[in-house]
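Enquirer: sequence unknown, structure follows:
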């Protein structure tokens with residue numbers, strides 16, 4: 001009897017070890033989420049905050065586009081009002097740190113529910129390995145969605161809770177109607193997903209003839225369906241307003257259908273799969289599970305219907321791959337735990353240990369790839385017109401603001417009610433033609449003419465990437481450039497606000513030429529005294545702007561005032577710590593000031609944040625700096641990694657520097673070999 005007991009003990013320890021590894025991976029993900037700022041990869045978080053503010057201030061749910069100057073206002077349905085109230089309340093007390101804490105807690109709840117689901121009855125090492133594999137895949141994919149402060153993560157939590165209770169929580173089934181009420185007021189996806197779950201498990205319950213022990217299931221599912229009525233909105237009206245426009249697929253990326261080309265792609269970087277690769281593997285594994293279990297007549301009806309419903313969501317947008325992943329978890333768990341894949345207990349073998357190592361190390365590397373480099377904390381300026389908003393608040397003129405819809409959520413949150421925007425990217429209630437009209441107006445003369453004649457905006461905030469706009473707006477002398485930041489340029493209508501136009505007009509400045517932040521273009525603007533004299537005024541309003549700080553730093557560098565470069569370099573680093581620009585400017589200033597160690601440190605930080613092409617020049621600079629200070633080993637390491645002796649961009653002086661570094665580092669054979677390339 002000793003051997004079976006020993007085998008049982010080893011198996012239990014092995015299962016506990018797998019659970020411990022899952023905990024380590026979760027802690028790493030939580031650590032990254034807590035340190036990751038709010039980033040405007042989409043601006044939905046800000047229109048959710050604005051809705052929450054409106055609801056709490058007016059004690060009512062908005063019924064029309066109160067924030068827009070579209071006349072008459074368009075009707076809308078706020079399908080996530082409860083979520084918006086929650087996040088606004090958190091933000092009003094704890095700011096963006098409160099939102100970061102919220103998304104982290106939601107992610108912990110989601111992964112905790114999934115962990116409980118997959119490890120239920122994982123009583124053998126092989127079952128536990130499958131459970132860990134399923135959980136790790138879910139964690140890696142869903143953490144990339146967890147960085148957004150949006151209601152879809154709450155929807156994932158509710159979906160996971162429903163599946164856990166329906167599969168394993170017989171005693172908790174009366175909680176389902178309560179969860180359904182919360183879910184239906186948090187996110188519109190509650191309605192199709194709740195309907196799918198009710199159909200899947202309800203159909204299975206009917207087929208099983210409603211056995212007495214399962215009557216509580218029928219009651220809980222029925223009450224959950226009725227919970228759809230427990231919203232402030234008419235259910236039929238709400239369902240008919242969920243976006244379904246075909247044209248929306250052309251400009252809302254996450255609503256583009258999943259193609260077979262996308263599903264068949266496999267992408268790895270240093271053996272690390274990207275998120276789409278994990279989703280693709282998961283999809284084809286689910287197809288395999290359906291085929292095998294159907295062939296052997298061992299598939300549950302509920303699992304088959306959940307899988308079919310999840311696959312049916314894919315034509316509605318690639319974002320629904322995440323719902324499919326959770327919906328198919330019961331199927332894949334049943335398939336993995338079947339006798340063929342997870343037989344009787346056995347001690348872990350060497351191959352099992354290798355697989356466990358891969359399951360532990362690959363997720364850690366994948367998480368590191370996902371969350372590097374980190375932007376400014378707690379909220380990043382990336383893709384946000386921070387300076388334009390600061391200027392509009394400073395002048396406090398009010399009026400109608402024409403803008404690109406991508407930043408609409410942020411603009412309405414920061415500027416309403418003093419300013420009215422045109423539209424944001426919230427889809428229900430806003431026809432496709434409005435998006436087409438305003439986005440194309442920045443590049444189409446006829447559409448711009450029509451828009452200005454129809455709406456007569458007081459201000460126009462246009463992305464500086466739209467380089468044709470200065471040519472178009474030149475036909476309308478009433479509109480004067482008064483400000484710009486790293487993302488957008490602002491024009492004022494002098495007929496509406498003549499004092500703003502007179503006091504802040506930027507003559508002879510072309511921010512659209514600075515959009516790519518090329519050094520040559522920056523130097524050209526520095527040489528233009530008329531353009532350069534506006535820098536102090538611009539920096540007073542927006543001290544964190546990269547373009548204007550870069551211009552100022554270059555100006556001081558050309559004047560030899562290297563100490564005055566440093567504050568502008570530091571300002572860029574503070575606003576854009578993920579960018580190499582601030583660190584490179586700091587390094588150049590410190591080098592000229594004789595602070596070698598600090599300069600080298602700043603150069604290396606710039607190198608880490610640069611792309612492959614820029615790293616060549618920075619590596620060469622670092623190597624030459626080490627060589628100038630007789631640190632030959634480091635000089636050789638950097639020059640050898642950066643210089644291609646056969647490239648047209650590498651001259652004889654570079655080759656001589658590499659040879660000198662090699663000799664000083666004691667690498668005489670390499671120095672002799674490189675010397676054969678020199679022309680004496």
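Expert: On my side now, so go ahead. Just so you know, these numbers come straight off a predicted model, no measurement behind them.

Enquirer: need the longest helix for the chain.
Expert: helix 81-119 (DSSP state H).

Enquirer: how about low-confidence regions in this protein?
Expert: Scanning the chain with the threshold set as pLDDT under 70 gives 1-8, 210-213, 234-252, 339-352, 427-430, 517-532, 679-680.

Enquirer: returning to what we had before: go through the longest helix of the chain and flag the buried ones.
Expert: Buried positions in helix 81-119, judged by neighbour count with 16 or more other C-beta atoms under 10 Å: 81-88, 90-91, 96-100, 102-104, 106-111, 113-115, 117-119. Quick note: C-beta positions are derived from backbone N, CA and C, even for glycine.

Enquirer: for stretch 297-317, same thing?
Expert: So for stretch 297-317, counting by 16+ other C-beta under 10 Å, buried means 299-300, 302-307, 309-311, 313-314, 316-317.

Enquirer: what do you get for stretch 412-427?
Expert: Residues 412-416, 419-427 are the ones in stretch 412-427 that count as buried (16+ other C-beta under 10 Å).

Enquirer: can you check stretch 441-458 too?
Expert: Neighbour-count burial for stretch 441-458, counted by 16+ other C-beta under 10 Å, picks out 441, 442, 447, 448, 451, 452, 455, 457, 458.

Enquirer: now for the buried residues of stretch 412-427: which two are most distant?
Expert: Within the buried residues of stretch 412-427, 419 and 427 form the most distant pair, 22.5 Å apart (C-beta to C-beta).

Enquirer: so residue 228 versus residue 217, what's the distance?
Expert: 18 Å (C-beta to C-beta, to the nearest Å).

Enquirer: also residue 195?
Expert: From residue 195 to residue 217 the distance is 16 Å (C-beta to C-beta).

Enquirer: looking at these two, which one has more neighbours?
Expert: residue 217 (21 against 15; other C-beta atoms under 10 Å).

Enquirer: which ones are touching that one?
Expert: By C-beta atoms under 8 Å, 6 or more residues apart in numbering, the contact set of residue 217 is 166, 173, 201, 205.

Enquirer: doesn't residue 216 make contact with the second one?
Expert: Yes - in this structure, residue 173 sits in contact with residue 216. The criterion is C-beta atoms under 8 Å, and the distance is 5.3 Å.

Enquirer: between those two, tell me which one has more neighbours.
Expert: residue 173 (20 against 14).

Enquirer: quickly find the element holding residue 450.
Expert: Per DSSP states H and E: residue 450 is located in helix 445-455.

Enquirer: so residue 541 touches residue 392, yeah?
Expert: No - the pair residue 541 / residue 392 is not scored as a contact, 9.9 Å apart, by C-beta under 8 Å.

Enquirer: start and end of stretch 474-485, how far apart?
Expert: Stretch 474-485 has an end-to-end distance of 20 Å (C-alpha to C-alpha, to the nearest Å).

Enquirer: what is the most widely separated pair among the buried residues of stretch 441-458?
Expert: 447 and 458 (19.2 Å).

Enquirer: distance check, residue 433 against residue 450.
Expert: Look at residue 433 and residue 450: by C-beta to C-beta, they are 12 Å apart.

Enquirer: again, but for residue 60
Expert: Taken as C-beta to C-beta, the span from residue 60 to residue 450 is 35 Å.

Enquirer: and if you look at residue 76?
Expert: For residue 76 relative to residue 450 (C-beta to C-beta), the value is 24 Å.

Enquirer: same question, residue 20
Expert: 64 Å.

Enquirer: is it correct that residue 289 is in contact with residue 329?
Expert: No - taking contacts as C-beta under 8 Å, residue 289 lies outside contact range of residue 329: 10.9 Å.

Enquirer: of these two, who's got more company?
Expert: residue 329 (27 against 22).

Enquirer: contacts only, for that one.
Expert: Residue 329 touches 114, 117, 118, 134, 138, 163, counting by C-beta under 8 Å, 6+ apart.

Enquirer: hmm, 10 Å instead?
Expert: 114, 117-118, 134-135, 137-138, 159-160, 163-164, 167, 282, 286, 303, 306, 310 (C-beta atoms under 10 Å, 6 or more residues apart in numbering).

Enquirer: isn't residue 325 up against residue 279?
Expert: Yes - applying C-beta atoms under 10 Å, one finds residue 325 in contact with residue 279, separated by 6.7 Å.

Enquirer: find residues that contact each of the two.
Expert: With C-beta under 10 Å, 6+ apart, residue 325 and residue 279 have common neighbours 137, 141.

Enquirer: what helix or strand is residue 394 located in?
Expert: Per DSSP H and E, residue 394 falls inside helix 386-395.

Enquirer: the helix or strand that the helix holding residue 450 is followed by pairs with which strands, parallel or anti?
Expert: Using DSSP H and E, the helix or strand that follows helix 445-455 in sequence is strand 459-463. Sheet pairing of strand 459-463 (DSSP bridges) gives strand 399-402 (parallel), strand 488-493 (antiparallel).

Enquirer: could you dump those to JSON lines with distance to residue 354?
Expert: Formatted as JSON lines, those follow (distance: least, C-beta to C-beta, whole Å):
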{"stretch": "strand 399-402", "distance to residue 354": "59"}
{"stretch": "strand 488-493", "distance to residue 354": "52"}
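
Enquirer: any idea which of these is most buried?
Expert: Across the strands paired with strand 459-463, averaging neighbours per residue (mean count of other C-beta atoms under 10 Å) puts strand 488-493 on top, at a mean of 26.

Enquirer: by contact count, what packs against whichever helix or strand comes after that strand?
Expert: Per DSSP H and E, the first helix or strand lying C-terminal to strand 488-493 is helix 498-504. Contact partners of helix 498-504 among helices and strands, from 3 or more C-beta pairs under 10 Å, 6 or more residues apart in numbering; DSSP states H and E: helix 386-395, strand 479-484, strand 488-493, helix 535-541.

Enquirer: need these in a markdown table (columns: distance to residue 644).
Expert: Shown next, in a markdown table, are these (distance: least, C-beta to C-beta, whole Å):
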| stretch | distance to residue 644 |
| --- | --- |
| helix 386-395 | 40 |
| strand 479-484 | 38 |
| strand 488-493 | 39 |
| helix 535-541 | 38 |
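
Enquirer: circling back to that earlier point, and the strands paired with strand 459-463: which comes nearest residue 146?
Expert: Closest of these to residue 146 is strand 488-493, at 28.7 Å (criterion: C-beta to C-beta).

Enquirer: and that closest one with helix 445-455, angle?
Expert: Orientation note: strand 488-493 sits at an angle of 50 degrees relative to helix 445-455 (axes from the mean of the first three to the mean of the last three C-alpha atoms, to 10 degrees).
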